[in-house]
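Enquirer: sequence isn't available, so here's the structure alone:
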């Protein structure tokens, strides 16, 4: 494990939202950051502000060759990578019936396969240095779901499973894994750059209007309050596999799992009979 007090981060999706906030917070506390974004000009201000402590790299996570090159370049530049944070992602908005399969695949290319590509590029380097911490930005929707953004939630459920398996596989190499699960926050998530809308079908217009109205009334957390919680996990000797951010997450998840347990138990005899 690195005995360095400062940490070296590799962050995808650093142009806005949590990626930008966490990159700036890490730099302000004296860490070094390889910040990546699809458009390099969207992160040039980081270089102007933090100088040699930041390396800005162009990265579209759906480009496997570019992802591998960016990870290797960041490692060579700083000499090590302590934290690899997959934050790039977006939401597909539309009912299950409305969303075209190509749009679903495109979202998974970024949210899932993009993250996997970065992880696979980083693991050989982390194994060689003998330590590392892989972080991934999931969501409270990795455990529960909502209508209209079901495909986005499904990508987070997959994200959770991949990282939970990863944690078991790489523990032997002294590599830690933490899934970050923010609730609703007042970030740029929800802007056109972070959303793609599926073609609309008239029969769902009223349903979606009610759903969007309920979202408008949802209490959102202050994203600027999140870095200290993230740093506590990153600096911990034994970080959690899952780090929930926000005060509404646990009650919602607790209720959802209580309902699931009740239903499973109500049908337990049927399940046992199916054993044969």
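Expert: Sure thing, it's come through. Keep in mind that this is a model prediction, so the values were computed, not measured.

Enquirer: just the strands from the chain, written as ranges.
Expert: 8-11, 32-37, 54-58, 83-86, 91-93, 132-137, 175-182, 195-197, 242-245 (DSSP state E).

Enquirer: so where's the stretch 51-200 of the chain uncertain?
Expert: Along the stretch 51-200 of the chain, segments meeting pLDDT under 70 span 188-193.

Enquirer: can you give me the helices for it?
Expert: Along the stretch 51-200 of the chain, counting by DSSP state H, counting those that start in this stretch, helices occupy 64-78, 101-108, 115-129, 150-170.

Enquirer: so can I have TSV of those helices showing mean neighbour count and distance to residue 245?
Expert: Just so you know, the C-beta spots here come from the backbone N, C-alpha and C atoms, and that holds for glycine as well. Converted to TSV, the helices of the stretch 51-200 of the chain look like this (neighbours: other C-beta atoms under 10 Å; distance: least, C-beta to C-beta, whole Å):
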stretch	mean neighbour count	distance to residue 245
helix 64-78	18	25
helix 101-108	14	22
helix 115-129	19	18
helix 150-170	18	14
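
Enquirer: mind putting these into a markdown table with distance to residue 29?
Expert: Shown next, in a markdown table, are those (distance: least, C-beta to C-beta, whole Å):
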| stretch | distance to residue 29 |
| --- | --- |
| helix 64-78 | 16 |
| helix 101-108 | 33 |
| helix 115-129 | 22 |
| helix 150-170 | 25 |
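
Enquirer: partner residues bridging the most centrally placed residue in the chain?
Expert: Geometric centre of the chain, nearest residue: residue 137, 1.8 Å, by C-alpha atoms, centre = their mean. Counting by DSSP bridges, residue 137 is bridged to residue 180.
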